[in-house]
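In: Build the 3D model from these lines:
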Amino acid sequence: MARRGKRYEDAAKLVDRTRLYDPEEAVRLVKAVARAKFDETVEVALRLAVDPKHADQVVRGTVVLPHGTGRAVRVLVFAKGDKAKEAEAAGADYVGAEDLIQRIQQEGWTEFDVAVATPDLMGQVGRLGRILGPRGLMPNPKAGTVTFDVGRAVREIKAGKIEFRVDKAGIVHAPIGKASFSEQALLENFAALLDAVVRARPAAVKGQYIRSIALSPTMGPSVRVDPARAAALAAGRAA
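Out: This next block holds a predicted model:
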């Protein structure tokens with residue numbers, strides 16, 4: 001196993017690996033162990049009691065983080081006519097139709113973070129599956145990125161809307177902001193994400209749904225969170 005850097009080792013000494021922290025303590029500790037020379041992203045890892053091999057146990061959804069993600073998101077919109085104008089007015093970074101499709105096909109261009117498309121163009125956009133699919137950039141109705149309401153979609157994405165999906169190991173990974181965020185902002189983003197994941201709980205799952213939770217900065221050690229306390233936080237937000 002590769003040896004960690006001294007900065008990481010020093011930060012790790014602050015974390016009790018045997019303890020489950022309250023959400024408030026965990027957020028405070030994650031900010032303390034984020035010691036890189038850049039503004040680290042704070043990420044959540046939720047291990048769920050699901051088997052993603054079964055279609056009825058796939059957990060996915062979207063949530064608008066109340067304080068955003070802390071990063072500028074480049075949004076591309078496939079649209080024509082009035083819908084293209086609507087997307088531009090909402091702040092989309094790139095708007096077009098056949099021209100953008102051709103650029104992606106011929107140049108492999110993917111200098112954007114999220115793609116939105118109107119339903120009438122999905123027949124053409126669908127041909128980009130081989131390029132956009134593996135990068136997680138393909139517009140999808142379940143993520144709200146295939147819609148005629150492109151203005152709203154762009155505004156929500158710019159405001160901090162993220163998509164989450166359980167991986168093959170049954171874990172949801174998602175960003176909840178930057179280490180420079182206030183504790184309160186990170187806590188509220190965390191509660192919003194957790195509430196959305198709980199709402200996306202498959203009917204086929206019985207018993208305890210969230211098995212474990214960990215918060216971590218990009219370059220620092222992870223902090224384990226008490227699932228029961230986290231659930232109470234999310235429930236309080238939803239109330």
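In: Which elements pack onto the lowest-mean-pLDDT helix or strand in the chain?
Out: When the helices and strands of the chain are compared on mean pLDDT, DSSP states H and E, helix 6-12 comes out lowest with a mean of 70. Counting contacts by 3 or more CB pairs under 8 Å, 6 or more residues apart in numbering; DSSP states H and E, helix 6-12 packs against helix 23-33. C-beta coordinates here come from the backbone N, C-alpha and C atoms, glycine included.
In: coming back round to it: CA-only coordinates of the least confident helix or strand of the chain in CSV, if you can.
Out: As requested, the backbone C-alpha atoms of helix 6-12 are provided in CSV (Å, rounded to 0.1, in the frame of the first residue of the first chain):
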residue,chain,number,x,y,z
LYS,A,6,2.8,13.9,5.7
ARG,A,7,-0.1,16.4,5.3
TYR,A,8,-2.6,13.5,5.1
GLU,A,9,-1.0,11.6,8.0
ASP,A,10,-1.2,14.6,10.2
ALA,A,11,-4.8,15.2,9.3
ALA,A,12,-5.7,11.5,9.8
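In: Tell me the helix or strand right after the lengthiest helix in the chain.
Out: Assignment by DSSP state H gives helix 183-199 as the longest helix of the chain. Using DSSP states H and E, the helix or strand that follows helix 183-199 towards the C-terminus is strand 210-217.
In: how far does the next helix or strand after that following strand sit from the chain's center?
Out: Counting by DSSP H and E, the next helix or strand C-terminal to strand 210-217 is strand 223-225. Put simply, strand 223-225 sits 19 Å off its chain's centre (CA atoms, centre = their mean, to the nearest Å).
In: And stretch 198-206, by the same measure?
Out: Distance, centroid of stretch 198-206 to centroid of chain: 19 Å (CA atoms, centre = their mean).
In: how about it: buried residues?
Out: V198, A200, P202 (16 or more other CB atoms under 10 Å).
In: Please look at the last one and V59 and confirm they touch.
Out: Yes: with contacts defined as CB atoms under 8 Å, P202 counts as touching V59 at a distance of 6.5 Å.
In: Name the residues contacting each of these two.
Out: Common neighbours of P202 and V59, counting by CB atoms under 8 Å, 6 or more residues apart in numbering, are V50.
In: Can you tell me how far the residue located most distally from the centre of the chain is from A97?
Out: Within the chain, G81 marks the point farthest from the mean C-alpha position, 30.6 Å out by CA atoms, centre = their mean. From G81 across to A97, the span is 9 Å (CB to CB, to the nearest Å).
In: so who does the nearest residue to V225 once chain neighbours are set aside touch?
Out: Nearest residue to V225 in three dimensions, chain neighbours excluded: I213, at 4.0 Å (CB to CB, 6 or more residues apart in numbering). The neighbours of I213, taking CB under 8 Å, 6+ apart as the test, are V44, A45, L46, R47, L194, R224, V225, D226, P227, A230.
In: Look up the residues forming beta bridges with I213.
Out: Judged by DSSP bridges, the bridge partners of I213 are L46, V225.
In: Correct me if wrong: V27 contacts A185.
Out: No: applying CB under 8 Å, one finds V27 not in contact with A185, separated by 9.4 Å.
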